[in-house]
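would you be able to build a 3D model of this:
(chains A and B)
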There are 2 protein chains.
Amino acid sequence: MTPERSAIDWIAVDWGTTRLRAWAMRGGQPQAARASDRGMGALSPETFEPALLDLVADWLPAAGRMPVIACGMVGARGGWVEADYRPTPCPPLDPRRAAVPPTSDPRLDVRILPGLSQADPPDVMRGEETQIAGFLAGEPGFRGTLCLPGTHSKWVRIADGQVLGFRTFLTGELFALLARQSVLRLTIAAAEPDPDAYLQAGRQALADPHAASSGLFALRAASLLQGLAPPQAAGRLSGLLIGAELAAARAFWQAAPVALIGAPRLTRLYETLLLAAGARACHKDGGTAVLAGLAAARQAMLEET
Amino acid sequence: MTPERSAIDWIAVDWGTTRLRAWAMRGGQPQAARASDRGMGALSPETFEPALLDLVADWLPAAGRMPVIACGMVGARGGWVEADYRPTPCPPLDPRRAAVPPTSDPRLDVRILPGLSQADPPDVMRGEETQIAGFLAGEPGFRGTLCLPGTHSKWVRIADGQVLGFRTFLTGELFALLARQSVLRLTIAAAEPDPDAYLQAGRQALADPHAASSGLFALRAASLLQGLAPPQAAGRLSGLLIGAELAAARAFWQAAPVALIGAPRLTRLYETLLLAAGARACHKDGGTAVLAGLAAARQAMLEET
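Below is the predicted model of the structure:
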């Protein structure tokens, strides 16, 4: 879909490791959305501009400049241009610290939002800070924990509109490596996790901190000896890993309300297990949050000038 | 090196997922040793015999049959022929249960030793049972725990010449996946683990069961923010994973002596951390153990006939 060019006054971009997503925006309202698989991981510094133009060239004006506000791994070392990490505690966004990548097309006015860092324990994020800002735009008084599940899940303490601190877990990446590349690939293949097997293994990992470590090979053995079905094995693997993450992140959710932000299927897994463990948890859509955060950055830039 | 054919009365074979190793034997004494990278993982059922012949054809007699005794993944489903799993508790070897694969060369008389299984928690081994038998041939009265570190490490309870039970951990495979394929590959690359960083992280994982889960991404962040060097990151990753394994396997080593069997570099890592945790631990070479176990199987076969 191509909206009238005159209806577009800026472009919002969520540019992660594997995906590039763009929205044609009028104020805070998306007029059109597009995506490609030209994520930061597949690009070298000189191929970011062509990848962006391939997606949004017909949204650009014949003359004049179009503001483009981007977040995510596009601003990592090895991305288009390196954007800062802002040290926490701090508010999730500061568009004045945005990085400006080199561009050839005179119509492009691109800003890449900075990420966040934490000194002790060392941690970083890029992209999630914009989702956090989007969430806080809707709930400015929120005090508690945000959890953003994904390849690398983030647990984030929030109060007074600030990110107080956070912690990253490799759980999603670990699941993909184990299910698709370890000896467990023979047992799991492409199966979808069974919800009951997930919940049972998740409770087990929450109760016994060693369950994940000692329970992985047992999935392969149970498939060889007892015919454990692939969806059950996938569910148990998912439960063991997410349960271990929840156990390690207990300080984040035990005495604070948790809002989960991310893809519905994944946030549902986290939410089910958190509720079973007695936490107060609810969920928000991650795509909505990142767009709201990019719109908040656009608004802050307008107010500045 | 080719010994006199008349000096060879059987051939010992250790055939794992990635390696094929063969020894020309006279009684219990190896006369020559050879190896290739044609492990079970790279072969289909009809290519096992050619892979074996490529390695040992000149050890075979002009006429008559040559006993070949093999252990390891060659006997797995998808291997040359599927050998049994013998349920524990039981002695580590029972050559009467060896499987006989189909062969075309009339000089080959191949036997593949069975593996071991455990019903609860489900677990299996193939190849390690032969190392255990080799160890017990030298120390028949051993009572305690054997630990066989590797891609899949095994903790094994031994008494009265029997395997009472065991537990497998994916630690070696997990290290390889994380260090070479996850986001940590950018931090670790091909670095060798630093011993001090290893020991420090290992102690930490022994003391805090959540350290491994929450400490992985911190390695990447510390490299981005604080310039953590690759050998330190590799050492910390190794310490977190082996420490988590030791914590989960505590019941195996807390009140029993541990003999470590495996490659010297890896057994040394386990031994260092076990000794630091107050365990009684010593080590044996894994290559010697498997050959002694195959020789014990040969002796048992001779005594039977």
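
for the worst-scoring helix or strand of chain A on mean pLDDT, name the packing helices and strands.
Least confident helix or strand of chain A, by mean pLDDT, DSSP states H and E, is strand A:281-285 with a mean of 90. With contacts defined as 3 or more Cβ pairs under 8 Å, 6 or more residues apart in numbering or on different chains; DSSP states H and E, the packing partners of strand A:281-285 are strand A:258-262, helix A:264-276. C-betas here are computed from N, CA, C, even on glycine.

deepest-packed of the ones you listed, please.
Burial of the helices and strands packed on strand A:281-285 is given as mean neighbour count (mean count of other Cβ atoms under 10 Å in any protein chain shown); strand A:258-262 ranks first at a mean of 23.

against which helices or strands is that one packed?
By 3+ Cβ pairs under 8 Å, 6+ apart, strand A:258-262 packs against helix A:128-138, strand A:144-148, helix A:264-276, strand A:281-285, helix A:286-304.

listing partners with orientation, what would you give for the least confident helix or strand of chain A?
Under the criterion DSSP bridges, strand A:281-285 sits next to strand A:258-262 (parallel) in its sheet.

now do the strand it pairs with, average pLDDT.
In this model, strand A:258-262 has a mean pLDDT of 96.

and the helices and strands packed on strand A:258-262, which one's lowest on average pLDDT?
Mean pLDDT per stretch puts strand A:281-285 lowest among these, at a mean of 90.

and the contacts of it?
Outside strand A:281-285, the residues that touch it by Cβ atoms under 8 Å, 6 or more residues apart in numbering or on different chains are A:135, A:253, A:257-262, A:264, A:267-268, A:270-271, A:274-275.

what about A:Q131, neighbour count?
For A:Q131, the count of nearby residues is 32 (other Cβ atoms under 10 Å in any protein chain shown).

make that A:G115, sorry
By other Cβ under 10 Å, 24 other residues sit near A:G115.

now swap in A:P106 and tell me
By the measure other Cβ under 10 Å, the count of residues near A:P106 is 10.

if I've got this straight, it is in a helix?
No: A:P106 is assigned coil when assessed by DSSP: H, G, I helix; E, B strand; the rest coil, not a helix.

which residue sits closest to it, ignoring its sequence neighbours?
With sequence-adjacent residues excluded and distances taken as Cβ to Cβ, 6 or more residues apart in numbering or on different chains, A:P106 is closest to A:R65, at 7.2 Å.

the one you found contacts A:R111, correct?
No: counting by Cβ atoms under 8 Å, A:R65 does not reach A:R111; the two are 11.8 Å apart.

these two - which one has more neighbours?
Legend: neighbour count by other Cβ under 10 Å for A:R65 and A:R111, higher for A:R111 (22 against 13).

for the helix or strand hosting that one, buried residues please.
A:R111 is located in strand A:108-112, with elements delineated by DSSP states H and E. Neighbour counts using 16 or more other Cβ atoms under 10 Å in any protein chain shown place A:108, A:110-112 of strand A:108-112 among the buried residues.

tell me which of those is nearest to chain B?
When the buried residues of strand A:108-112 are compared for distance to chain B (Cβ to the nearest Cβ), A:I112 wins out at 16.6 Å.

in contact with that closest one, which residues are there?
By Cβ under 8 Å, 6+ apart, A:I112 lies in contact with A:70-71, A:74-75, A:79-81, A:83, A:98-101.

with A:P114 instead?
Going by Cβ under 8 Å, 6+ apart, A:P114 touches A:75, A:83-86, A:94, A:97-99, A:129.

switch to 7 Å and redo it
Taking Cβ atoms under 7 Å, 6 or more residues apart in numbering or on different chains as the criterion, A:P114 is in contact with A:75, A:83-86, A:94, A:97-98.

show me the contact partners of stretch A:126-146.
A:14, A:16, A:71-73, A:75-76, A:92-93, A:113, A:115-116, A:148, A:154-159, A:161, A:163, A:252-253, A:256-259, A:261, A:284, A:286, A:289-294, A:296.

tell me which residues in that stretch are buried?
Neighbour counts over stretch A:126-146 (16+ other Cβ under 10 Å) mark A:126-137, A:142, A:144-146 as buried.

run the chain-centre distance for it.
12 Å (Cα atoms, centre = their mean, to the nearest Å).

can you pull the residues of the stretch 201-305 of chain A lying near chain B?
For the stretch 201-305 of chain A, the residues in contact with chain B (Cβ under 7 Å from any Cβ of the partner chain) are A:209-210, A:213-214, A:216-218, A:221-222, A:224-226, A:244-245, A:247-248.

let's see 10 Å
A:205, A:208-226, A:228, A:241, A:243-251 (Cβ under 10 Å from any Cβ of the partner chain).

what subset of those residues is buried?
A:205, A:208-225, A:228, A:241, A:243-249.

could you pull out the strands in the stretch 151-300 of chain A for me?
In the stretch 151-300 of chain A, the strands defined using DSSP state E, counting those that start in this stretch lie at A:153-159, A:162-169, A:258-262, A:281-285.

want to try CSV for these, with distance to B:R167 as columns?
CSV is the format used below for the strands of the stretch 151-300 of chain A (distance: least, Cβ to Cβ, whole Å):
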stretch, distance to B:R167
strand A:153-159, 28
strand A:162-169, 25
strand A:258-262, 34
strand A:281-285, 34
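
mind giving me a markdown table with the helices and strands packed on strand A:281-285 and columns for distance to B:T168?
Listed next are those as a markdown table, based on distance: least, Cβ to Cβ, whole Å:
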| stretch | distance to B:T168 |
| --- | --- |
| strand A:258-262 | 33 |
| helix A:264-276 | 26 |
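
residue contacts, the residue in chain A sticking out farthest from the centre?
Here chain A reaches farthest from its C-alpha mean at A:L225, the gap being 38.4 Å by Cα atoms, centre = their mean. Residues counted as contacts of A:L225 (Cβ atoms under 10 Å, 6 or more residues apart in numbering or on different chains) are A:218, B:85, B:87, B:117-119, B:122-124.

which members of those residues are positioned in helices?
A:A218 (DSSP state H).

and the furthest pair within the contacts of A:L225?
The span of the contacts of A:L225, defined through Cβ to Cβ, is set by A:A218 and B:P87 at 15.7 Å.

and the residue of the stretch 1-150 of chain A closest to chain B?
Using Cβ to the nearest Cβ, the point where the stretch 1-150 of chain A gets nearest to chain B is A:P122, with a distance of 4.0 Å.

would stretch A:168-181 count as contacting chain B?
Yes: applying Cβ under 10 Å from any Cβ, one finds stretch A:168-181 touching chain B at A:168-171, A:173-174, A:176-178, A:180-181.

highest neighbour count among those?
Of all the residues of stretch A:168-181 next to chain B, the highest neighbour tally under other Cβ under 10 Å goes to A:T171, namely 28 neighbours.

you'd agree that one is up against B:L216?
Yes: between A:T171 and B:L216 there is a contact at 9.4 Å, judged by Cβ atoms under 10 Å.

quick check: neighbours shared by these two?
Common neighbours of A:T171 and B:L216 (Cβ under 10 Å, 6+ apart) are A:H152.

which pLDDT value goes with A:T2?
pLDDT, A:T2: 69.

tell me if A:E46 really is in a strand.
No: counting by three-state DSSP, A:E46 falls outside a strand, being helix.

pull the number of nearby residues for the residue of the stretch 1-150 of chain A closest to chain B.
19.

that one: what's it in contact with?
Counting by Cβ under 10 Å, 6+ apart, A:P122 touches A:168, B:217-226, B:228.

could you do A:F169 as well?
Each residue near A:F169 by Cβ under 10 Å, 6+ apart is listed here: A:147, A:149-150, A:152-155, A:241-242, A:244-246, A:248-249, B:213-217.

still on that earlier bit, nearest to A:D196, of the helices and strands packed on strand A:281-285?
Among the helices and strands packed on strand A:281-285, the nearest to A:D196 by Cβ to Cβ is helix A:264-276 (10.6 Å).
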